[in-house]
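Engineer: below is the sequence, then the predicted model.
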Amino acid sequence: MEAYGVEIDIKLATARQRCQALHAHASKLETQLYASPGARVVKEFVERASRQLLEFLDVEATNPELELLEPREREIRIHRTCKLVPFLYQVLGILGGAEINLTPAELVLPLRRSLRNILPHAEILLRSGPDLNYSILEIADDIRQFFSETPLAPVTENLPSPLYVMSIPLVEANEVLLHAILAHEAGHGIYDDKRLADQILPRIEVPKEQIAQLARTIASEQREATEQKNKTMTFPLQEIALRDLLTQVVTGTISSWVTELTCDVLGVMIFGPAYFFAFIHLFSTLAMLDEASQSHPPPRLRVGLMCSCLRHRFSLKEVDPRIDDLIGKWEVVGREDVKQGRGEFSLALNSVSPRILILIEEVVAAAVPETLAYSSSQLVDDVNKILPLLKENVPAAEVVRHSHSGLEPPEMPHLLNAGWVLLLARFQEFRENLPAQIGTDALASQKQLNKLLLKSFELAEIKRRWTEVANQAKG
């Protein structure tokens, strides 16, 4: 037998063994409890795909058509399918950290519903990870794309679209107030689905002359350094090539920054001030105010934009003068000039002008209907009705709304905003109502507030589900 024949035998055998192990492992997870509906979607997909892949490999192992191919062609054909095995390992690995004891299960359904208000068919998988980071990844399209060039493409047809994997820090899994940052991650899904980039990026002017000048400066410095070192003329990077490279870097940076800035505004639109406060608490540890990267703009720029959005949308004095004063202090921070040393980032910063920031607010306002956005009147209502319950250490499972008869379970943005106002403006009142051994400890009191909010989410979902079942019985 030729060498390629031996390799194919081994390739088929090892792929088959791993498929069997993968299918068996996925089946064992049937008894594992997960917080998110998306976890079952992933598990069942891996089971289905590994089973069909195993069947395909069995047929392929005795396929007489293989003998008609050249050895290299044979290997290419087999590997096209075998490469699905490590990919399925990665997909199943997504479930790590999604177990019910590692994620706040009480948040999943409210978060899912908030996202589905704007993206009706969205499914989510909430998981925790070791990093101090929040992220979102749409995986259904990637899975379909990977399978599209194989005979098993039909196995992806039942996947929901979109299917989002949202990650939160494991250490802070139960710090529910901090998870308001997920509004930004949900914003990424909205940004892509609504194609908001198409409405913003074409309006941005790339500073071609400034890029050319920067390229000339860098090329000149490089030339001088080379001549001093070698005492002879060498061939440094050509200025035109450097200009093209800088153009790519600057335009890529602008695109990434616009994405993040737009998702910040989306976060404020759907979760209100709660998202802003969660953002402040996150970035204060992660970055300096003027620190930027190709993927993320300086936090100072983001703070300024969000403060502008908050002022346009919310009557903060009516909420609480202390909240209004706090936002005012951050407004001062956001208005200061960003001190940016890197040339390419300075060019990107100049391109994201005040005109573009206004455009971002306008585009987001048009993308999120007012009926789905978190409003100033809702914030005032939540502070007046939900906050008093929380202050007394009572779960806010239902509240009276002016627009509805009877009691209504609060949604995720309502509980988070009431919780943040309580923490930032009236926390001492909350602590005074706690047992002495907890109330005298600020950290323990904050932990109790997060527990209280989680219990509120849980009871609100029970109330909501009970009402749905009762209405179905009546119908």
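Structural biologist: Right, received. Where do you want to start? Residues are numbered from 1 along each chain as shown.

Engineer: would you list every one of the strands in the stretch 301-450 of the chain?
Structural biologist: Using DSSP state E, counting those that start in this stretch, the strands of the stretch 301-450 of the chain run over residues 399-400, 407-408.

Engineer: so what are the sheet partners of the last one and their directions?
Structural biologist: It stands for strand 407-408. Taking DSSP bridges as the criterion, strand 407-408 forms sheet pairs with strand 399-400 (antiparallel).

Engineer: show me what the strand it pairs with is in contact with.
Structural biologist: Here strand 399-400 makes contact (C-beta atoms under 8 Å, 6 or more residues apart in numbering) with Lys385, Ile386, Leu389, Gly406, Leu407, Glu408, Pro410, His414. All C-beta atoms are positioned from the backbone trio N, CA, C, and that covers glycine.

Engineer: for stretch 110-125, buried residues please.
Structural biologist: Buried residues in stretch 110-125, counted by 16 or more other C-beta atoms under 10 Å: Pro110, Leu111, Arg112, Ser114, Leu115, Asn117, Ile118, Leu119, Ala122, Glu123, Ile124, Leu125.

Engineer: again, but for stretch 20-34
Structural biologist: By neighbour count on 16+ other C-beta under 10 Å, the buried set for stretch 20-34 is Leu22, His23, Ala26, Leu29, Tyr34.

Engineer: would you turn the residues you listed into TSV with distance to Ala348, pLDDT and secondary structure?
Structural biologist: Formatted as TSV, the buried residues of stretch 20-34 follow (distance: C-beta to C-beta, whole Å; pLDDT from 0 to 100; DSSP: H, G, I helix; E, B strand; the rest coil):
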residue	distance to Ala348	pLDDT	secondary structure
Leu22	44	95	helix
His23	48	93	helix
Ala26	44	93	helix
Leu29	44	94	helix
Tyr34	40	96	strand
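
Engineer: which one of these sits closest to Lys339?
Structural biologist: Tyr34 (45.4 Å; C-beta to C-beta).

Engineer: following the host helix or strand of Gln213, which helix or strand shows up next?
Structural biologist: Element membership for Gln213 (DSSP states H and E) is helix 208-230. Downstream of helix 208-230, the next assigned helix or strand under DSSP H and E is helix 239-271.

Engineer: buried residues in that next one?
Structural biologist: Neighbour-count burial for helix 239-271 flags 239, 242-243, 246-247, 249-251, 253-271 (criterion: 16+ other C-beta under 10 Å).

Engineer: swap in stretch 168-180?
Structural biologist: Within stretch 168-180, the residues that qualify as buried are Ile168, Pro169, Glu172, Ala173, Asn174, Glu175, Val176, Leu177, Leu178, His179, Ala180, counting by 16+ other C-beta under 10 Å.

Engineer: please apply the same query to stretch 148-157.
Structural biologist: Judged by neighbour count using 16+ other C-beta under 10 Å, the buried positions of stretch 148-157 are Leu152, Val155, Thr156.

Engineer: same thing with stretch 62-70?
Structural biologist: If you call a residue buried by 16+ other C-beta under 10 Å, then stretch 62-70 has these buried ones: Leu66.

Engineer: then stretch 359-368?
Structural biologist: Leu359, Ile360, Glu361, Val363, Val364, Ala365, Ala367, Val368.

Engineer: mind putting these into JSON lines with distance to Glu7 and pLDDT?
Structural biologist: What follows is the buried residues of stretch 359-368, written out as JSON lines (distance: C-beta to C-beta, whole Å; pLDDT from 0 to 100):
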{"residue": "Leu359", "distance to Glu7": "57", "pLDDT": "97"}
{"residue": "Ile360", "distance to Glu7": "54", "pLDDT": "98"}
{"residue": "Glu361", "distance to Glu7": "59", "pLDDT": "97"}
{"residue": "Val363", "distance to Glu7": "54", "pLDDT": "97"}
{"residue": "Val364", "distance to Glu7": "54", "pLDDT": "97"}
{"residue": "Ala365", "distance to Glu7": "59", "pLDDT": "95"}
{"residue": "Ala367", "distance to Glu7": "52", "pLDDT": "94"}
{"residue": "Val368", "distance to Glu7": "55", "pLDDT": "93"}
